[in-house]
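Chemist: Sequence plus the predicted model coming up.
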Amino acid sequence: MMGSLLAATTEAPGEFFFSEGVRLKQYRGMGSLDAMEQGAGSQKRYFRSMMFAGELKFERRTVAAQVEGGVHGLHS
């Protein structure tokens, strides 16, 4: 939440660049394309391309199997 506020401080890691006379530092969220290409955490979160490439498999189960395998005891 505070990443954009702290991104331009001297203590934050990263290289500065100048745009129109203003000193800036690149800031990217974990949902950006750069983060998804570099980090494994984002790839796990955004697995849509893996699903369509056939790298991700889903299991088909009956309703009874889903109820039996679900989380138990949340309301009891």
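Modeler: Received it, and whenever you're ready, just let me know what you need. Residues are numbered from 1 along each chain as shown.
Chemist: next one: phi and psi at residue 53?
Modeler: Main-chain torsions, residue 53, degrees, to the nearest 10: phi -80, psi -10.
Chemist: do you know how far it is from residue 47?
Modeler: 10 Å (Cβ to Cβ, to the nearest Å). Backbone N, C-alpha and C define where each C-beta goes, glycine included.
Chemist: Those two: which is more packed in?
Modeler: Neighbour tally, residue 53 and residue 47, criterion other Cβ atoms under 10 Å: the higher count belongs to residue 47, 13 against 9.
Chemist: OK, contacts around the more buried one?
Modeler: Going by Cβ atoms under 8 Å, 6 or more residues apart in numbering, residue 47 touches residue 56.
Chemist: Next, work out how far apart it and residue 64 are.
Modeler: Look at residue 47 and residue 64: by Cβ to Cβ, they are 27 Å apart.
Chemist: Check residue 22 too.
Modeler: Applying Cβ to Cβ, the value for residue 22 to residue 64 is 62 Å.
Chemist: which SS state does residue 65 fall under?
Modeler: Under DSSP: H, G, I helix; E, B strand; the rest coil, residue 65 falls in the helix class.
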